[in-house]
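**Student:** take this sequence and fold it.
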Amino acid sequence: MANHAIPLSQQLQFKEYQSKLVRVAGSNKSASIIKGALYILSTGSGDFLQNYYINPWLKSVYTPDQYGSYLIGSFNSFVKGLYALEARKLGVTSLPPLGCLPAPAPYLVSMRVDVSPISTLMYSNSTRRLCGSNKRMLWDRDC
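**Tutor:** Numbering: from 1, shown residues only. Here you go, the predicted model:
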């Protein structure tokens with residue numbers, strides 16, 4: 001299974017998009033577009049699976065909880081980066097629990113990976129962790 005995940009730090013090419021938008025729509029209109037747009041972000045199982053279980057070095061350095069915390073921290077930085085660039089309407093979704101993703105299921109079985117503790121960890125703590133560190137930006141009452 002090849003690792004084709006792009007790190008969050010490389011996904012944020014928003015400044016480049018903003019520059020292009022200013023050239024096309026002008027400063028005022030582009031600012032309105034940026035602030036009014038809805039940004040859908042996804043994080044969760046795939047990030048964990050495509051990195052932690054594939055890379056033996058990560059498993060030797062991090063426990064599942066530590067790596068989960070690292071992922072949440074990276075995602076928080078990503079969200080703060082978007083917010084600093086004037087993105088305001090952010091929707092965060094998650095992928096299904098690790099054992100429910102159809103593509104990697106055979107891989108996990110062949111590796112004898114018990115994903116239930118990690119699924120519980122990622123999904124029970126991720127919302128609290130995300131909301132707790134981004135309270136100033138969030139207006140969602142679910143936090």
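**Student:** just the pLDDT for Leu101.
**Tutor:** Looking at Leu101, its pLDDT reads 53.
**Student:** check Ser30 too.
**Tutor:** So Ser30 comes in at 93 (pLDDT).
**Student:** swap in Gln50?
**Tutor:** You'll see Gln50 listed with a pLDDT of 73.
**Student:** equivalent analysis for Leu21, please.
**Tutor:** 92.
**Student:** look up the closest residue to it, ignoring the ones flanking it.
**Tutor:** Take Leu21 and drop its neighbours on the chain: the residue closest to it by CB to CB, 6 or more residues apart in numbering is Ser30, 4.2 Å away. For the C-beta atoms, the positions are set from N, CA and C on the backbone; glycine is no exception.
**Student:** tell me the contacts of that neighbour?
**Tutor:** Gln18, Leu21, Val22, Val24 (CB atoms under 8 Å, 6 or more residues apart in numbering).
**Student:** not counting its neighbours along the chain, what's nearest the last one?
**Tutor:** Of all residues beyond its chain neighbours, the one nearest Val24 is Ser30 (7.7 Å), with distances taken as CB to CB, 6+ apart.
**Student:** check which helix or strand the one you found maps to.
**Tutor:** Using DSSP states H and E, Ser30 sits in helix 27-36.
**Student:** partners of the helix or strand that that helix is followed by in the sheet?
**Tutor:** The helix or strand immediately downstream of helix 27-36 is strand 38-43, counting by DSSP H and E. In the sheet, strand 38-43 lines up against strand 89-94 (parallel) (DSSP bridges).
**Student:** do me a favour and average the pLDDT over the partner strand.
**Tutor:** Summarised as a single mean, pLDDT over strand 89-94 is 78.
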